[in-house]
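Engineer: Give me coordinates for this.
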Amino acid sequence: MGEKILVTYATKHGATAEIAEKIGQVLQEAGLGVEVKSVDKVNELDAYRAVVLGSAVYAGMWRKEAVDFLEANEKKLAERVVWLFSSGPTGEGDPVELMKGWKFPEAQRPIADRIGPRDIAFFHGEIDMDDLNLAEKLIVKGIKAPTGDYRDWEAIKAWATAIGEALRGEAGSVTWITIHTANGSSRTQFPSRAFSLPDSTAQCCISANMLRRLPIISVCWVHQPMLRARARAAGRSAIPG
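Structural biologist: As a prediction, the model looks like this:
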């Protein structure tokens, strides 16, 4: 697993791409190695330790290319720290309230739950009538959607800043994992990553799937420099995750 941060997006008219670029800029200013790409330009995730994925929203749905990316990379995303965002509604007020409580596509909710993102954000969008085709203009007029740029750049920057702080805070931490197996014990050091204990008090990069492949008797997590959490499992079925 690499050390870079991927900010990737699906957009139609460019508004969501600009949000992704702003997020990438904030993360770069925080001293993190960042790449900003549209989802169709991402070939693999091995170079990244964290992913920020966003999509424009139309009729309560993510763009198809974003859904395809989410589905195709579910396993690797589950092994990384992930943040998700959507953009779309125009008009004044909270975007979730404008969408009557909508925050994330229901069809992709099960995948998101399995991935376990740190946060899911929903931002205002932009409607520029000059960018729309005739059919889109008729839809906008039909639903009387406010036109113009309603993106809240301060909210976007604040969200990205929080991501940067979380990633910088983890970059220097170390988690020790002691795995006791039927063949003896081993101790390995890993950079802190996205694997969470049930009480969310410690994190590491070992995936639950990796642990399940071992003949595990018990597992202990010790977060240096101070003891943060300890978990014991009677067998494979008890491994968290």
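Engineer: Show me how the record splits this structure into domains.
Structural biologist: Domains of the chain are assigned by automatic domain parsing as 4-171, 174-238.
Engineer: distance between the longest helix along the chain and the chain's centre?
Structural biologist: When the chain is parsed with DSSP state H, its longest helix is helix 153-171. In terms of C-alpha atoms, centre = their mean, to the nearest Å, the gap separating the centre of helix 153-171 from the centre of its chain is 12 Å.
Engineer: For this protein, which residues score under the pLDDT cut-off?
Structural biologist: Along the chain, the parts satisfying pLDDT under 70 run over 1, 171-241.
Engineer: ranges for the helices of it?
Structural biologist: Using DSSP H, the helices of the chain run over residues 15-29, 64-72, 74-78, 95-98, 109-115, 134-143, 153-171, 208-212.
Engineer: Quick check: which helices or strands does the fifth one pack against?
Structural biologist: So that's helix 109-115. When contacts are defined as 3 or more C-beta pairs under 8 Å, 6 or more residues apart in numbering; DSSP states H and E, helix 109-115 sits against helix 64-72, helix 74-78. Heads up, the C-betas are built off the backbone N, CA and C, glycines and all.
Engineer: Which among those is found nearest to Ile5?
Structural biologist: Ile5 lies closest to helix 74-78 among the helices and strands packed on helix 109-115, at 13.4 Å (C-beta to C-beta).
Engineer: Quick one: residues in contact with the closest one.
Structural biologist: Around helix 74-78, the neighbours that count as contacts under C-beta atoms under 8 Å, 6 or more residues apart in numbering are Leu45, Asp46, Val51, Leu53, Leu70, Ile111, Arg114, Ile115, Gly116, Ser207, Asn209.
Engineer: Stretch 142-154 now?
Structural biologist: Contacts to stretch 142-154, defined as C-beta under 8 Å, 6+ apart, come from residues 15, 18-19, 22, 87, 89-92, 123-129, 140.
Engineer: Stretch 125-139: end-to-end distance?
Structural biologist: 16 Å (C-alpha to C-alpha, to the nearest Å).
Engineer: For it, buried residues please.
Structural biologist: Across stretch 125-139, burial judged by 16 or more other C-beta atoms under 10 Å covers Gly125, Glu126, Ile127, Leu132.
Engineer: so which of the residues you listed would you say is closest to Ala166?
Structural biologist: Nearest to Ala166 among these, with distances taken as C-beta to C-beta, is Gly125, at 25.1 Å.
Engineer: what's near enough to touch that closest one?
Structural biologist: Contacts of Gly125 (C-beta under 8 Å, 6+ apart): Ala15, Thr16, Ala56, Val57, Ser87, Gly88, Pro89, Thr90, Tyr150, Arg151.
Engineer: before we move on, the earlier item: tell me which of the domains of the chain sits most buried.
Structural biologist: domain 4-171 (a mean of 17; mean count of other C-beta atoms under 10 Å).
Engineer: And that one, how far out from the chain middle?
Structural biologist: The answer for domain 4-171 is 9 Å, by C-alpha atoms, centre = their mean.
Engineer: Make TSV from the buried residues of stretch 125-139 and add distance to Val26 to it.
Structural biologist: As requested, those are exported to TSV (distance: C-beta to C-beta, whole Å):
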residue	distance to Val26
Gly125	19
Glu126	19
Ile127	25
Leu132	29
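Engineer: Nearest to Ala162 among those?
Structural biologist: For the buried residues of stretch 125-139, the residue nearest Ala162 by C-beta to C-beta is Gly125; the value is 20.9 Å.
Engineer: Looking at the helices of the chain, which is nearest to Val36?
Structural biologist: helix 15-29 (3.8 Å).
Engineer: Need the CA coordinates for the lengthiest strand in the chain. CSV is fine.
Structural biologist: Of all the elements of type strand in the chain, the one with the most residues (DSSP state E) is strand 48-58. This file holds the C-alpha atoms of strand 48-58, laid out as CSV (Å, rounded to 0.1, in the frame of the first residue of the first chain):
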residue,chain,number,x,y,z
TYR,A,48,-2.8,5.1,-2.2
ARG,A,49,-3.4,4.8,1.5
ALA,A,50,-6.5,6.9,1.5
VAL,A,51,-9.3,7.7,-1.0
VAL,A,52,-11.7,10.6,-1.2
LEU,A,53,-14.4,9.7,-3.7
GLY,A,54,-17.2,12.1,-4.9
SER,A,55,-19.9,12.3,-7.5
ALA,A,56,-22.4,14.7,-8.9
VAL,A,57,-26.0,13.8,-8.1
TYR,A,58,-28.8,13.6,-10.6
